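Novice: Here's my sequence, what's the structure:
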Amino acid sequence: MQGETRTSKVREEDSIDLDALTRWMADQEIAYVTPLAARQFRGGASNLTYLISDSQANSWVLRTPPHGAKIASAHDMGREARVLTALSAKLDHVPSVVGYCGDESYIGREFYLMEFIDGHIMVTDIPSEMCETPEQTRAMCEAMVDALAQLHNVDLVDVGLVDLDRGPGYVARQVGGWSKRYRAARTPDVPEAEDVMQWLDAHQPPDVAHVLIHGDWRFDNLVMSPKAEIAGILDWEMSTVGDPCMDLGSALAYWVQADDSPEFRSLRMQPTDAPGMLTRSEVVERYSQSMSVEVRDSLSANWLFYEVFGLFRLAVIVQQIWARYQAGTTTNPQFAGFGSATNMLINRAQSLLAQPSSE
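Specialist: A predicted model of the protein is given here:
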């Protein structure tokens, strides 16, 4: 089972009460055979994800916030479970939810249990047996972009998620909210970034559309089959209704391509520089083909804004985790370099704004 290769022993600070989980599963009449066992998925830096197995090799995935989580919107398990439930019948490759628990008396935190989708999650490299040619790699990349466009074209009324829309002003709320979070999480070893925040505030385009967005679209949130086809779409914790151009900009903040600077390439978290992969501009072009004229026009006219916003937003996410690491509330060694990553992301945003075309 591929899931076992993506997991490790549960870290002590992230321990989970399996006896309590067993009681909850019994209360929900979820079939299992004791005893339950847990392993922790190594990926992910916000919510905690576990592979739960019983003695008959039945497996599920459990998602829950970390101990002491303070940012409710980033750890709303109820919303995430609701989105998954609404989409699983309408959108390809969305895992089904087995159950949601908002009663913190069980394991001390809310959580939900969903089906386990076996397959490969790519991090830095593509397995040679999965994509043997650049043409195969390109086809896989195009499918990833097309799946994002498919999500953005979902009818909110049809899936019953219209109430997630907070109305006009999404772009403004995002700029103001992420700026506030950066200032609150800033540590002395990272830039003030006031120039970036002020530029974003002064150059906001209007909301172009309100659609269901994923919020964290990247290759390591996809489960891939041995034939390099999408088998599952994971990590919906930041999903909401918002501007699709902002979601694309956020997704491309992770996109490191072959001709990027060595500094930015050092942040590579997915195999987007492999031969055959689309460039950022090609991703935008491919995505635009499936979207409305309004979306295409806004991407063309305002791409610098969406690109800078994506980099800044990612810097804030990284910085929030770096601040937790420095405070000692997490000891996960994968976060040891996050302070440097914040610096590089802010520096990249500043370098884009320093180009003559940014005025």
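
Novice: which SS class is the residue nearest to the spatial centre of the chain?
Specialist: Note on the chain: the residue nearest the mean C-alpha position is Asp216, at 2.4 Å, using Cα atoms, centre = their mean. Following DSSP: H, G, I helix; E, B strand; the rest coil, Asp216 is assigned to coil.

Novice: what does Ala184 give?
Specialist: helix.

Novice: and it, how many residues sit next to it?
Specialist: Other residues near Ala184 come to 13 when the count uses other Cβ atoms under 10 Å. Heads up, the C-betas are built off the backbone N, CA and C, glycines and all.

Novice: next one: Asp201
Specialist: Counted with other Cβ under 10 Å, Asp201 comes out at 12.

Novice: what's the closest non-adjacent residue to it?
Specialist: Closest residue to Asp201 apart from its sequence neighbours, by Cβ to Cβ, 6 or more residues apart in numbering: Val175 at 5.7 Å.

Novice: and the one you found, what does it touch?
Specialist: Residues near Val175 by Cβ atoms under 8 Å, 6 or more residues apart in numbering: Met197, Leu200, Asp201, Gln204, Phe309.

Novice: change it to 6 Å
Specialist: Val175 sits next to Leu200, Asp201, Gln204 when contact means Cβ atoms under 6 Å, 6 or more residues apart in numbering.

Novice: what's the spacing between the residue nearest to the centre of the chain and Thr240?
Specialist: 11 Å (Cβ to Cβ, to the nearest Å).

Novice: Then Gln174?
Specialist: On the measure of Cβ to Cβ, Gln174 and Thr240 end up 10 Å apart.

Novice: Likewise for Ser290?
Specialist: 21 Å.

Novice: Looking at the two, which has the bigger crowd around it?
Specialist: The neighbour count for Ser290 versus Thr240, taken as other Cβ under 10 Å, is higher for Thr240 (20 against 15).

Novice: sorry, back to before: sitting in strands, which of the contacts of Val175 do you find?
Specialist: Using DSSP state E to define strands, no part of the contacts of Val175 is located there.

Novice: how about those residues in CSV, adding pLDDT?
Specialist: Shown next, in CSV, are those (pLDDT from 0 to 100):
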residue, pLDDT
Leu200, 98
Asp201, 98
Gln204, 98
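
Novice: which of the residues you listed lies closest to Thr331?
Specialist: Leu200 (33.1 Å; Cβ to Cβ).

Novice: Quick one: distance of stretch 133-152 to the chain centre.
Specialist: Distance, stretch centre to chain centre, for stretch 133-152: 17 Å (Cα atoms, centre = their mean, to the nearest Å).

Novice: With just CA atoms, put that stretch into CSV.
Specialist: The C-alpha coordinates for stretch 133-152 follow below in CSV (Å, rounded to 0.1, in the frame of the first residue of the first chain):
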residue,chain,number,x,y,z
THR,A,133,8.8,10.8,-21.8
PRO,A,134,8.4,14.6,-21.7
GLU,A,135,5.1,14.1,-23.7
GLN,A,136,3.7,12.0,-20.9
THR,A,137,4.8,14.6,-18.3
ARG,A,138,3.1,17.3,-20.3
ALA,A,139,-0.1,15.4,-20.5
MET,A,140,-0.1,14.9,-16.7
CYS,A,141,0.6,18.6,-16.2
GLU,A,142,-2.3,19.6,-18.5
ALA,A,143,-4.6,17.2,-16.6
MET,A,144,-3.7,19.0,-13.4
VAL,A,145,-4.4,22.4,-14.8
ASP,A,146,-7.7,21.2,-16.4
ALA,A,147,-8.8,19.7,-13.1
LEU,A,148,-8.4,23.2,-11.5
ALA,A,149,-10.5,24.8,-14.2
GLN,A,150,-13.1,22.0,-13.8
LEU,A,151,-13.4,22.9,-10.1
HIS,A,152,-13.7,26.6,-10.8
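
Novice: Tell me the buried residues in it?
Specialist: Going by neighbour count (16 or more other Cβ atoms under 10 Å), the buried part of stretch 133-152 is Thr137, Arg138, Met140, Cys141, Glu142, Met144, Val145, Ala147, Leu148, Ala149, Leu151, His152.

Novice: Model confidence score at the last one, please.
Specialist: Predicted confidence (pLDDT) at His152: the value is 98.

Novice: so it makes contact with Val211?
Specialist: Yes - using Cβ atoms under 6 Å, His152 is in contact with Val211, at 4.6 Å.

Novice: Need the residues touching each of those two.
Specialist: Residues touching both His152 and Val211 by Cβ under 6 Å, 6+ apart: Pro244.

Novice: Surely Glu13 forms part of a helix?
Specialist: Yes - checked against three-state DSSP, Glu13 lies within a helix.

Novice: Tell me which helix or strand the nearest residue to it once chain neighbours are set aside sits in.
Specialist: Nearest residue to Glu13, sequence neighbours excluded (Cβ to Cβ, 6+ apart): Thr331, at 6.2 Å. Here Thr331, judged by DSSP states H and E, is contained in no helix and no strand.

Novice: just Met246 next, same as before
Specialist: helix 244-252.

Novice: Next SSE downstream of that helix?
Specialist: Taking DSSP H and E, what comes next after helix 244-252 is helix 262-265.

Novice: Show me what the following helix or strand past that following helix is packed against.
Specialist: With elements assigned by DSSP H and E, the helix or strand that comes after helix 262-265 is helix 280-288. Contact partners of helix 280-288 among helices and strands, from 3 or more Cβ pairs under 6 Å, 6 or more residues apart in numbering; DSSP states H and E: helix 134-152, helix 293-327.
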